[in-house]
Each structure stands twice: as C-alpha cells, then as structure tokens.
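Asks: here you go, sequence then predicted model.
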Amino acid sequence: MKKLGFGFMRLPILKEGDFTSIDMAQVCEMTDIFMSNGFCYFDTAYPYHGEKSEEAIREALVKRYPRDSFLLADKMPTIRVTGPQDYPVLFETQLQRCGVDYFDYYLFHNIWKKSYADTEKFGGFDFIAQKMKEGRIKHFGFSFHDEPELLDKVLTAHPEVEFVQLQLNYLDWKSPSVRSEECYNVARRHGKEIIVMEPNKGGSLIALPKEAEKLIKDYAPDSSPASWAMRFCASLEGVKLVLSGMSNISQLKDNISFMSDPVPLNAEEKKIIEGVRDIIEKNSAIGCTKCRYCTEDCPMDIPIPEYFSAFNTYRLTHNMGNAGMYYRRYANGRALASQCLKCGKCEAHCPQHLEIRRLLGECAELFESK
Ligand code: SF4
Ligand code: SF4
C-alpha cells in the first residue's frame, strides 16, 4: 500500500466558519485524483466536520467506487460513550453514515487517561473483538495523544491491538509536552505498525516563518515545506502510512508528487529541519492543530482554534491589520475570547495539552484591548 492516507477532517468548505458546508464537488474531484494515482486509504471520524465527514466519504467514495478498491478507517468516538449500551448504537450509526457494512480499519478515537479507563470499564475491547469476529472490523487500533507511559500500559494490557495512530512530526518529535519520539519508540517496542497523524502539525509546518522557509528553499528551491514534513514521517521504520487532511486540489497534488515514492530525508536535510524547528520554536506560535476536540463541550461555543489561528498570524507576521481582521471575522456573532468562563472543559480534550484558558486570555489582550 502507498504511504499516503486521505484524512477527511479538513475538507474544503463553501461557507467560511461553517464546517458542515463541505464543497462536495471539489471533494469528489480530489477523491478521483487520489484514487487514480494508486492511493486507496481514507480516514474519517464521527465528529469531523460537525458530523458530516462520514457522509462526505459515502458520497465521494463509497457510492462511486467498488468496496474492494479502497480501505476505509473510522473511529469509535470515545468522548460520546457513557456506557456499554452506546457502542453498538454509535457503531451502527457510523456504518450507516458511511454506507458500508464493514470497516477495514477501526480505532478507538483518542485514547487518553480518562477514555482508557472508561473503555476498560464499559467493555470496549470486548465489543471490538465481537465485531472483528463478525467480520465488520478487519483491523483494530487506537489513536493516541497522551504520554508514552500510558501507551505502554495499554499495549501491554491489549496485545490484540494491531496498530496505533500517533501524532508524529518533526516539530513534536522532541517536544516535552507531546513526546512523539518516546511514543514512537514504545509502539515499536511492542511491534506495532504506526499510522501517522498531524504530520505537518495542522498546517504549521506548511506555512512556515519566512526565515525558516528560506532554509528549505535555499537547499531545494522546488520542494514544498509540506514535502519535508511528510518525508520525515514516511521514512521512519514501522510507519505504515501518513495521513494528511488535505483542503484543496493543489495540496493533494503536491502530496501525491512526493508520496508516490517518498525519499527519506538525508543527513543534510535532517540538519536543516532542526534549524527550521528552532526558528518555529523561537516564534513560539500556539501549537494548535485545529482538531476541534475542544469546541465540543464549550458552554460558550467559543471558536477556539480560529482565535488561535488569528493569534498565530500576528505572531508570525507582526501584522495586526490582517490578524485583527481575522479575529473580528471569526468573532462575528460568537463569544469573544474574553467571554471564556474558565471552566476548563476544553483543556481536558486538547491532545496538544494547550493551556487554552491562558491562551484565550492572551488573545483577548491582543485583540480586544486595542
Ligand atoms: S474554559 Fe472557556 S473556552 Fe474552555 S470550555 Fe470553558 S468557556 Fe469554553
Ligand atoms: S486547542 Fe487543542 S483541542 Fe482545540 S483545536 Fe487546538 S489542538 Fe485541537
């Protein structure tokens, strides 16, 4: 199998701010280009795009291609499970939304301390074993953003897990909060295959600070920053594939151009990305990947990732004109950053372990005090 997976989590949309308004014409075209280039792995999840991603897969892929021509991955939304009775209901809903009668790859979505404890308590692993027996799940794993110690514990308790989906990218590789390299090593020690998510950290490794982009362009003028991020992941031993949440045709074509046969980074290139990492860290933008897990429970419905994106624009460009305009646009009709209740519900869900309350305070100070 080719090492690029199409994540249906950042699809093109028709109306700014409305993530359910998926541009299906473009998504169908992207699916066709992807498939015609010999790629076949698609990834979706219950909450993506305001719960419309699974239906988008059905329309763009399932209805238009023979079932045995593609591989489909979906995830049990652990955040929605309140007891054992929820597993069959959610699973059947997902099959229905996707228009399939089995999943090739099925994962527990975001195993972390609490969701792992719940999954054990509610018999989640037994449910999966049953569905595998019935042939409705072909391969089983989980996505993970927590600490390597917990990963070790889960994999030790459940040797039946076939693969893990990890957040790996060259920015998080040595990060003391994400600890990508350590998680990778744990998974490999257990002999698991790895599916990579967030290879470009939600776009942060695509839109680089100018100084960092120059390092890459000076060495290879025709290569994109995205290609370096993807090749970094694809060249790690045990990586089965790298997911990319592509948002338009040009990103897709760029990915296809180097992921058909990804060339590992050479020693000189590895040194260059260390320089890139140093520059990004110096600019210390907020490491938000726009996954939107935080917004699910927010009682104020604050558009957290959008505010962080406006904040990052300012930090990277030092241009208040554009950043302020983005902030005002996102805030139109929504609660402001300063209206955060500081309840902390969002932080419990953030895979990047961001101090969302404090950062929203910084956004409020930057954008609302002028
Ligand atoms: S702390 Fe603020 S942003 Fe987070 S869930 Fe509560 S109100 Fe929403
Ligand atoms: S703040 Fe955290 S949970 Fe929210 S979108 Fe960003 S990375 Fe995801």
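Replies: Everything's here; your move. Ligands and ions are numbered 1, 2, ... in the order given.
Asks: C-alpha coordinates for stretch 341-349, PDB please?
Replies: Output of stretch 341-349 as PDB, limited to C-alpha atoms (Å, rounded to 0.1, in the frame of the first residue of the first chain):
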ATOM      1  CA  LEU A 341     -15.800  31.100  31.700                       C
ATOM      2  CA  LYS A 342     -12.500  29.500  32.600                       C
ATOM      3  CA  CYS A 343     -14.400  26.200  33.300                       C
ATOM      4  CA  GLY A 344     -11.500  24.200  31.800                       C
ATOM      5  CA  LYS A 345     -13.700  21.700  29.900                       C
ATOM      6  CA  CYS A 346     -11.900  22.400  26.700                       C
ATOM      7  CA  GLU A 347      -8.400  21.600  28.100                       C
ATOM      8  CA  ALA A 348      -9.400  18.100  29.200                       C
ATOM      9  CA  HIS A 349      -9.900  17.300  25.500                       C
END
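Asks: go through that stretch and flag the buried ones.
Replies: Residues of stretch 341-349 classed as buried by neighbour count (16 or more other Cβ atoms under 10 Å): 346, 349. Where you see a C-beta, it was placed from the backbone N, CA and C, and this is true even at glycine.
Asks: that one close to ligand 1?
Replies: Yes. Judged by Cβ under 6 Å from any ligand atom, stretch 341-349 and ligand 1 are in contact via 341-346.
Asks: is stretch 68-79 anywhere near ligand 2?
Replies: No. Using Cβ under 6 Å from any ligand atom, stretch 68-79 never reaches ligand 2; the gap is at least 11.4 Å.
Asks: ramachandran angles for whatever residue of the stretch 51-200 of the chain ends up closest to ligand 1?
Replies: Closest contact between the stretch 51-200 of the chain and ligand 1, by Cβ to the nearest ligand atom, is at residue 79 (13.6 Å). When read as degrees, to the nearest 10, the backbone of residue 79 gives phi -70, psi -20.
Asks: format the residues of stretch 341-349 next to ligand 1 as CSV; extra columns: secondary structure and pLDDT.
Replies: Converted to CSV, the residues of stretch 341-349 next to ligand 1 look like this (DSSP: H, G, I helix; E, B strand; the rest coil; pLDDT from 0 to 100):
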residue, secondary structure, pLDDT
341, coil, 95
342, coil, 95
343, coil, 95
344, coil, 94
345, helix, 93
346, helix, 94
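Asks: so residue 219 sits against residue 273, correct?
Replies: No. When contacts are counted by Cβ atoms under 8 Å, residue 219 is not listed as touching residue 273 (10.3 Å).
Asks: report the buried residues of the host helix or strand of residue 269.
Replies: Secondary structure from DSSP states H and E places residue 269 in helix 267-283. If you call a residue buried by 16+ other Cβ under 10 Å, then helix 267-283 has these buried ones: 269, 272-273, 276-277, 279-280.
Asks: one more: stretch 86-104?
Replies: Those would be 86-87, 91, 94-95, 97-100, 102-104, for stretch 86-104 by 16+ other Cβ under 10 Å.
Asks: tell me the contacts of residue 249?
Replies: Residues in contact with residue 249 (Cβ atoms under 8 Å, 6 or more residues apart in numbering) are 26, 29-30, 33.
Asks: ok, which stretches of the stretch 1-150 of the chain are helices?
Replies: Counting by DSSP state H, counting those that start in this stretch, one finds helices in the stretch 1-150 of the chain at the ranges 24-36, 48-51, 53-57, 86-98, 113-121, 124-133, 148-157.
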